[in-house]
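Q: give the three-dimensional model of this entry:
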Amino acid sequence: MAVAHISGASDLEGSDRRLYRMLEMLPGSLAWVTLIGMVALSAFRPIWAAVFIIVFDLYWLIKTAFLSIHLRAHWTRLQKNLSTDWQKKLDGLEWEHIWQLVILPVYKESFEVVESSLEAICKTSWPKDRMIIVLATEARAGASAAELAVEVSEKYAKRFGHFLVTVHPADLPGEMAGKGSNETYAAEKVITAIIGPAGIAYESVLVSSFDIDTQVYPQYFSCLTYQFLTCEKPFRSSFQPVPIYNNNIWDTPALSRVVATSGTFWQMMQQERPERLTTFSSHSMSLKSLVEVGFWQKNIVSEDSRIFWNHFFAYDGDYRVVPLAYPVSLDANLAESFWATARNVYKQQRRWGWGVENVPYVLYNFIRNKKIPFRQKFFFTTVLLEGFWSWATNALLIFMLGWLPLFLGGKVFNETLLSYNLPRMTRYLMTFAMVGMVTSAITSTKLLPPRPEKYGKSRSFSMVIQWVLMPFTIIFFGTFPGLEAQTRIMLGGRWRLGFWVTPKHRK
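A: Model prediction:
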């Protein structure tokens with residue numbers, strides 16, 4: 001049952017340390033070998049490079065069509081689940097023993113942000129007297145966080161069965177300042193202060209770890225509980241909602257909207273392929289399993305996905321994520337200026353790209369754990385490596401490096417029929433692939449909340465036309481931050497990233 005909470009090669013010694021360090025270098029090495037190899041092939045073997053580009057473009061076209069089908073299928077599923085009366089479905093089950101524990105890590109966010117999240121919880125159909133809310137503050141946030149805690153407590157403490165404010169101390173040994181260390185501290189405190197003294201069984205508690213800007217939809221907890229009570233292995237499962245960045249979507253610039261909505265679409269497509277799904281951002285699970293694996297890791301950036309792998313290895317591969325196909329709403333990136341917003345979008349994507357730190361952790365444990373079937377190991381290894389390789393290379397291969405043979409191939413290559421047809425074939429294939437962009441534009445408008453009165457119809461038009469930015473955003477706010485994250489972990493040492501808290505700005 002015990003699972004090692006490894007943050008990097010420095011946590012190990014001897015041959016284990018060397019092995020882990022090699023695995024840390026693997027994703028970045030694959031990406032750079034691909035990109036540099038493409039340049040070299042274009043210069044010295046332009047025909048090989050041209051054939052590779054055409055084959056790759058065909059692969060990308062098929063993949064885009066495949067994922068677009070998944071997106072449309074999940075959209076239908078999402079709408080069905082939103083219109084379902086989940087509380088009524090619970091009436092045929094024994095559910096009254098279930099408690100909802102919600103952990104809300106807060107740093108320097110405003111009262112408005114916290115208030116909107118708690119108001120959304122108050123509007124849910126779940127009985128409030130069977131809810132435990134933990135406002136997990138940080139001592140390093142200073143007096144402003146303490147004042148916020150008092151203000152929030154005065155307004156909301158009596159509206160729930162239990163309400164607790166925790167103050168995570170700064171600079172504890174072995175911890176990284178971030179969400180994982182804060183929510184683990186909060187979970188341990190709520191067990192000691194409330195759950196233990198009240199005699200509440202761990203098996204009866206569903207834990208939801210929410211980003212502080214998470215606004216749940218009215219039947220989230222009812223849907224979650226139904227899925228928990230009816231799934232095959234409830235204590236071997238996490239539960240993942242669909243993150244939709246709608247809280248402030250009408251206020252954000254097009255750049256931020258496209259990046260945020262693209263993230264939503266990726267999660268929707270992943271939920272149609274649950275065998276490869278891991279936890280992300282806001283998620284839920286049983287307190288029983290959370291206690292057994294030792295809570296979230298305190299010394300990593302990507303604690304939201306790592307908690308899945310902690311469970312996976314603790315139970316020798318007998319763990320999965322159940323897709324809820326039910327949304328929660330969060331903030332899209334918004335700052336006081338366009339350039340500040342663009343900077344924050346990049347930093348957030350780079351932090352998500354730092355999820356590559358899971359690759360060495362997973363591969364190392366695959367090597368060490370002999371109980372997990374080889375088939376599972378092979379499947380997840382290929383999924384992880386292909387996923388991060390695609391993140392760091394595909395957009396560059398499609399939109400930029402695909403033209404290199406024409407520029408570097410020399411006179412001999414440029415006189416061939418292949419050089420004449422290469423740009424035409426690439427253009428035709430990419431035109432067909434743009435069907436995916438049209439699907440994205442249509443689906444994105446269906447996800448939007450009502451347009452605020454302060455915006456005219458031209459704003460609605462911009463929500464559609466914004467998707468022409470996708471080739472730009474996928475390179476500069478997708479590939480580049482992903483490649484930077486992989487390069488940093490490959491280099492190690494001072495290049496490693498710490499946890500960056502996305503600022504929450506509201507108009």
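
Q: buried ones in stretch 478-495?
A: Across stretch 478-495, burial judged by 16 or more other CB atoms under 10 Å covers 478-490. For the C-beta atoms, the positions are set from N, CA and C on the backbone; glycine is no exception.

Q: beyond the host helix or strand of T473, next helix or strand please.
A: Per DSSP states H and E: T473 is located in helix 470-474. Going down the chain from helix 470-474, the next helix or strand is helix 480-491, by DSSP H and E.

Q: can you show me the CA trace of that next one as CSV?
A: What follows is helix 480-491, C-alpha atoms only, in CSV (Å, rounded to 0.1, in the frame of the first residue of the first chain):
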residue,chain,number,x,y,z
PHE,A,480,6.7,26.8,-26.5
PRO,A,481,5.7,26.5,-22.8
GLY,A,482,5.5,22.7,-23.1
LEU,A,483,8.9,22.5,-24.7
GLU,A,484,10.3,24.9,-22.1
ALA,A,485,9.0,22.8,-19.3
GLN,A,486,10.5,19.6,-20.8
THR,A,487,13.8,21.4,-21.4
ARG,A,488,14.0,22.6,-17.9
ILE,A,489,13.4,19.2,-16.3
MET,A,490,15.9,17.8,-18.8
LEU,A,491,18.6,20.3,-17.6
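
Q: and that helix, what does it pack onto?
A: With contacts taken as 3 or more CB pairs under 8 Å, 6 or more residues apart in numbering; DSSP states H and E, helix 480-491 sits against helix 14-44, helix 338-353, helix 374-399.

Q: residue ranges of the strands in the chain, please?
A: 99-105, 131-138, 162-168, 205-209, 215-216, 237-244, 283-286, 320-329 (DSSP state E).

Q: any idea of the angle the first one forms with strand 131-138?
A: Between the axes of strand 99-105 and strand 131-138, defined by axes from the mean of the first three to the mean of the last three CA atoms, to 10 degrees, the angle is 20 degrees.

Q: now do the fourth one
A: Orientation note: strand 205-209 sits at an angle of 40 degrees relative to strand 131-138 (the same axes, to 10 degrees).

Q: and the contacts of strand 205-209?
A: Residues from elsewhere that reach strand 205-209 (CB atoms under 8 Å, 6 or more residues apart in numbering): 98-103, 105, 132, 183, 187, 195, 221, 224-225, 228, 282-288, 290, 296, 304.

Q: if we use 6 Å, what do you get?
A: 99-103, 183, 284-285, 287, 290 (CB atoms under 6 Å, 6 or more residues apart in numbering).

Q: next: the fifth one.
A: Strand 215-216 is contacted from outside by 117, 120, 247, 328-329, using CB under 6 Å, 6+ apart.

Q: using CSV, write out the CA atom coordinates for stretch 260-280.
A: Extracted in CSV, the C-alpha atoms of stretch 260-280 (Å, rounded to 0.1, in the frame of the first residue of the first chain):
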residue,chain,number,x,y,z
ALA,A,260,-8.8,28.3,-22.1
THR,A,261,-11.4,26.8,-24.3
SER,A,262,-8.9,24.6,-26.0
GLY,A,263,-8.0,23.2,-22.6
THR,A,264,-11.7,22.5,-22.0
PHE,A,265,-12.0,20.7,-25.3
TRP,A,266,-8.9,18.6,-24.5
GLN,A,267,-10.5,17.5,-21.2
MET,A,268,-13.8,16.7,-23.0
MET,A,269,-12.0,14.5,-25.5
GLN,A,270,-10.0,12.8,-22.8
GLN,A,271,-13.2,11.9,-20.9
GLU,A,272,-14.4,10.0,-24.0
ARG,A,273,-11.2,7.9,-23.5
PRO,A,274,-11.4,7.2,-19.8
GLU,A,275,-8.7,4.5,-20.0
ARG,A,276,-6.1,7.3,-20.4
LEU,A,277,-7.7,9.9,-18.1
THR,A,278,-5.9,11.3,-15.1
THR,A,279,-7.0,13.8,-12.5
PHE,A,280,-6.6,17.5,-13.4
